[in-house]
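Peer 1: no sequence on this one, just coordinates:
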């Protein structure tokens, strides 16, 4: 077993040692001695770092040197590879790409060793799409016969170049015809400038066609670039059309006694043209079965060849192209032969016609219709007017307005009207009289006038001049603004009508109206600016003071109105308040049916509980009263009362308004009622009852005599439940009065 394991252990140890030994002059990539750097654009800035040399040997383990390279530099310390010169992957003038990659050779020597390793760094450059495809010329001209068959190649490929490098689509060019008027006639190959015809051509319809073609590159990255070129196809004519006569049918009238050899005057004359633009020579032929007429082969003149008889023969005309006899054109010649005594030509119903029209009639209006009689019905009548631009005639004999009329320029037109049946004609005279309408506004010579003048009543300051192009019209002048200060005469003279003090402003804009007497009446206006010398400061101050006084008067009026409103509001409030109080008193009287009574009290023994007491004092003097117990009366002078309750924690004070309420034996009914206050105008010393007449803040007191010392008797409340309110005064009875004889007070609610 040991014999088998020993070789295996030795192999594993050797393998481990081999794996642990790594050449420091190799790359830590897939390829040990070759490094590929891809995707470097040609516009990479000079000085930029594009990669770091990934050596297995660390800092200090190897020594690096590079072979000379104009584009790349290796820093042996940082191992950065940087650009040292601008890159260019474009093509040269011969279409050869300048560079697609850069190779950098690096020598690596381990420390402590003389062995050197050669490392290769290959930088793969990427082209940037920066050049447009370029046509050799911007405009191409091609002559193309009109009979060119469809699908014929009419423009062959030209060399379109793109200086961008390949492999990225930057020089991959696509072609197309841009949309246009004639783009549907042609088609182009996608990859080359080969253009074919897709539709038939016709020189007689179109003489020239221009299309626009586009060459666009197809980059893998970024936006495509393109350029354009124009192609003009000049369509050339070919002999593909027959000669053509100027008319399909020619008509002529002849007398039956026309002699042989006489020329037949045909209007318009017989004429044929080459259908193409080649202007080929034409010869003419006439086919007459009876050989009564002949035609000149070159001039196309027709002459009588034999004696004629009345009738309407129709002959055939032929135009033959001399250089190509198969090209022929045909027309008809209708000859009307009239016997002796026949009526010839048209005639008007009247020798002269007259029409009247207003100058504002619209263009196209019929002025008059003429009547023409023609006994020969084999041809239609034609009308014509001489040199005349304002009127025209249609085939029905209607005279129409063709241009706007103006009475002021021309008020009458006289012209001749001709009716013709191509053989004979008749003439008449047309007179058109134009009537005037009021279509011109008065024309003011100077629409804006500025006058500097003094404030002098009656002074004539300027003249407004106006004319009217309508004849027999009169103008009326009037002042539109500041009528009280200015006037204008019917001759347009503007004058001052106000006194000196009436012109408070330094400048006025006076509008003058000028109207004519036409129908409808038309108007124009002129603006007269009248400037006066500036007024003195005193007058200006007076004007400002007057304005200020008006403003003060307005403010005072507003304040007075507000005060009046407040006074009315207070009066209404007081009246309503009195009515409310009286209603409450009357309600109380009605509810009990007794006279209102006041607060009563009775004398009693000392208070069993000194801790609970009430002292009632009043401010003011009391008259002498009876010693007998009776109802209290209301004093005239205001009374202030204080109810003090002596407790362990102090004295409690409560404010109570004086009140007088009705009472009787059923006074318990008032325990939960509100107290009411009444006022007694006069108190009799012998009266025992309070007479309630109104509100009062007076207090009810026991009738008693004034002591000689001037001190006031004290009234005390005795009971186990002292009142929870106090009567106004801050006066507290001294403690020594507590155990004196106190009156007992009974309060009714």
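Peer 2: Cool, got the structure. None of these values were measured; they are calculated from a predicted model.

Peer 1: Which secondary structure element is home to residue 588?
Peer 2: Element membership for residue 588, per DSSP states H and E: helix 537-592.

Peer 1: which ones are touching residue 396?
Peer 2: The contact partners of residue 396, by CB atoms under 8 Å, 6 or more residues apart in numbering, come to residue 369. For glycine as for every other residue, the C-beta is placed from the backbone atoms N, C-alpha and C.

Peer 1: mind checking which helix or strand it is in?
Peer 2: Element membership for residue 396 (DSSP H and E) is empty, with no helix or strand holding it.

Peer 1: In contact with residue 383, which residues?
Peer 2: Residue 383 sits in contact with 370, 393-395, 397, 417-420, where contact means CB under 8 Å, 6+ apart.

Peer 1: From these, pick the one nearest residue 26.
Peer 2: residue 394 (105.7 Å; CB to CB).

Peer 1: number of nearby residues for the spatially closest residue to that closest one that is not a sequence neighbour?
Peer 2: Counting by CB to CB, 6 or more residues apart in numbering, residue 400 is the residue found nearest to residue 394 once chain neighbours are left out, at 6.7 Å. In terms of burial, residue 400 registers 16 neighbours under the definition other CB atoms under 10 Å.

Peer 1: got the end-to-end distance for stretch 172-184?
Peer 2: 26 Å (CA to CA, to the nearest Å).

Peer 1: in what helix or strand does residue 206 lie?
Peer 2: Using DSSP H and E, no element contains residue 206; it sits outside every helix and strand.

Peer 1: residues touching the residue nearest to it when sequence neighbours are not counted, list them.
Peer 2: For residue 206, the nearest residue in space outside its immediate sequence neighbours is residue 235; the separation is 6.1 Å by CB to CB, 6+ apart. When contacts are counted by CB under 8 Å, 6+ apart, residue 235 is found next to 144-146, 201-203, 206-209.

Peer 1: could you redo the last one with a cut-off of 7 Å?
Peer 2: Contacts here follow CB atoms under 7 Å, 6 or more residues apart in numbering; on that basis residue 235 touches 144, 146, 201, 203, 206-209.

Peer 1: and which of those is nearest to residue 37?
Peer 2: residue 209 (53.7 Å).

Peer 1: Return the backbone torsion pair for that closest one.
Peer 2: Geometry field for residue 209 lists phi and psi as phi -130, psi 140, criterion degrees, to the nearest 10.

Peer 1: Look up the residues forming beta bridges with it.
Peer 2: Each beta-bridge partner of residue 209 is listed here, defined by DSSP bridges: residue 233.

Peer 1: separation between it and residue 138?
Peer 2: Using CB to CB, to the nearest Å, one gets 17 Å for the distance from residue 209 to residue 138.

Peer 1: Please say which of these two ends up with more neighbours.
Peer 2: Counting neighbours by other CB under 10 Å for residue 209 and for residue 138 shows that residue 209 has the greater number, 19 against 10.

Peer 1: Isn't that one up against residue 184?
Peer 2: No - proximity of residue 209 to residue 184 does not meet the contact threshold set by CB atoms under 7 Å, at 10.5 Å.

Peer 1: mind checking which helix or strand the closest residue to residue 43 other than its chain neighbours is in?
Peer 2: Closest residue to residue 43 apart from its sequence neighbours, by CB to CB, 6+ apart: residue 128 at 5.3 Å. Assessed by DSSP H and E, residue 128 sits outside every helix and strand.

Peer 1: OK, contacts around residue 128?
Peer 2: Counting by CB under 7 Å, 6+ apart, residue 128 touches 41-43.

Peer 1: same check, this time on residue 271
Peer 2: Residue 271 makes contact with 245-246, 300 under the criterion CB under 7 Å, 6+ apart.

Peer 1: Could you rerun that using 10 Å?
Peer 2: Neighbour list for residue 271: 244-247, 250, 282, 284, 299-300, 319, 331 [criterion: CB atoms under 10 Å, 6 or more residues apart in numbering].

Peer 1: Which pair of those residues spans the longest distance?
Peer 2: Across the contacts of residue 271, the two lying at the largest distance from each other (CB to CB) are 244 and 299, at 17.8 Å.

Peer 1: Comparing those two, which shows the higher neighbour count?
Peer 2: Set residue 244 next to residue 299 and count neighbours by other CB under 10 Å: residue 244 wins out with 16 against 11.

Peer 1: Any idea what the more buried one is bridged to?
Peer 2: In this structure, residue 244 has the following beta-bridge partners (DSSP bridges): residue 273.

Peer 1: now residue 512
Peer 2: Under the criterion used here (DSSP bridges), residue 512 is bridged to residue 479, residue 526.

Peer 1: got a pLDDT number for it?
Peer 2: Predicted confidence (pLDDT) for residue 512: 91.

Peer 1: Residue 606 now?
Peer 2: Note for residue 606: predicted pLDDT of 53.

Peer 1: start at 48 instead
Peer 2: All set: I'll call the first residue 48, so the last point we hit is now residue 653.

Peer 1: now residue 365: how far from residue 311?
Peer 2: With distances defined as CB to CB, the gap from residue 365 to residue 311 amounts to 17 Å.

Peer 1: ok, and what's touching stretch 448-461?
Peer 2: Counting by CB under 10 Å, 6+ apart, stretch 448-461 makes contact with 399, 401-402, 404-414, 432, 435-440, 476-484, 486-487, 516-518, all of which sit outside it.

Peer 1: for that stretch, which positions count as buried?
Peer 2: Residues 448, 452-454, 460 are the ones in stretch 448-461 that count as buried (16 or more other CB atoms under 10 Å).

Peer 1: Next, residue 523: secondary structure please.
Peer 2: strand (DSSP: H, G, I helix; E, B strand; the rest coil).

Peer 1: Nearest spatial neighbour of it, chain-adjacent residues omitted?
Peer 2: According to CB to CB, 6+ apart, the nearest residue to residue 523 is residue 562 (4.9 Å).

Peer 1: Do you know the pLDDT at that neighbour?
Peer 2: Listed pLDDT for residue 562 reads 89.
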